[in-house]
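[1] build the 3D model from these lines:
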Amino acid sequence: RSVREVAFAGIGATSMATVPWFAIVGGTALVMQNSGAANVLGPVSQIGESVSGYVLFGAIPLVGGVLLFAFIVLVTTFFVTSADSSTLAVSMMTTGGKEHPSSINRVFWAVLQGTVASILMVVGGVNALQSAAIITGAPFAVVCLVAMLGLIRTFQTETGGILLQDRTTLFGSPSRGDGTTKAKAAGQDDD
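    The predicted structure is shown next:
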């Protein structure tokens, strides 16, 4: 994948999926709450935000059951793919960067992550799990900063300081608009 493709998928495509989702589902929840068709805020204030989707989709007439089933499948898919990605990343790091670590290694990390999450849920509930995520997120932020600096250095080495150019091409090939670029392309020297 190119950097543009990853940036588009991470920022553009995600936004194009998220904005309509929140507009439609959030708007439906607001209308149903304000009209009295559903009491979304009651269970949310008692249990938490995690139940809002179940309350909303359960209150929609006719297709509510289908939407509720689809929502459960969506949440399950999210957790499974997140766990799979995290175990793959950890397995790759612990095997020295192998692209395809062994299945035993991946299963080991999956079981370890699941065990730690289960222990935290049993001992302290959701608050303990959230606190652990925040605590482990701080060192990961440092790792991300180092990775970002390494990426910038790689870009500068391979492309000659792409981040601080006067002109950057976002889409397509760079244009050969100015005379110095044409001269260099023709093999002539600027001097």
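[2] longest helix in this protein, by number of residues?
    The helix spanning the most residues in the chain, taking DSSP state H as the definition, is helix 103-159.
[3] report all helices and strands that that one contacts.
    Helices and strands touching helix 103-159, by 3 or more Cβ pairs under 8 Å, 6 or more residues apart in numbering; DSSP states H and E, are helix 64-94. The C-beta positions use only the backbone N, C-alpha and C, and glycine is treated the same way.
[4] surely residue 48 touches residue 126?
    Yes: under the criterion of Cβ atoms under 8 Å, residue 48 makes contact with residue 126 at 7.4 Å.
[5] circling back to that earlier point, and the longest helix of the chain with helix 64-94, angle?
    For helix 103-159 against helix 64-94, the angle between stretch directions is 70 degrees (axes from the mean of the first three to the mean of the last three Cα atoms, to 10 degrees).
[6] and helix 103-159, how far out from the chain middle?
    In terms of Cα atoms, centre = their mean, to the nearest Å, the gap separating the centre of helix 103-159 from the centre of its chain is 13 Å.
[7] what pLDDT does residue 181 get?
    On pLDDT, residue 181 comes in at 48.
[8] residue 174 too?
    The model reports residue 174 with a pLDDT of 60.
[9] also residue 191?
    In this model, residue 191 is scored at 48, pLDDT.
[10] residue 188 too?
    With respect to pLDDT, residue 188 has a value of 51.
[11] next: residue 16.
    The confidence metric pLDDT takes the value 92 at residue 16.
[12] show the contacting residues for residue 48.
    Shown here is residue 48, whose contacts under the criterion Cβ atoms under 8 Å, 6 or more residues apart in numbering are residue 126.
[13] now the one 4 residues further on
    Applying Cβ under 8 Å, 6+ apart to residue 52 gives the contacts 29, 40, 43, 44.
[14] in those, find the pair that's most separated.
    Within the contacts of residue 52, 29 and 43 form the most distant pair, 11.9 Å apart (Cβ to Cβ).
[15] okay, the two: which has more neighbours?
    Remark: of residue 29 and residue 43, residue 29 carries more neighbours, 21 against 16, as counted by other Cβ atoms under 10 Å.
[16] surely the more buried one is in contact with residue 56?
    Yes: in terms of Cβ under 8 Å, residue 29 counts as a neighbour of residue 56; the distance is 5.0 Å.
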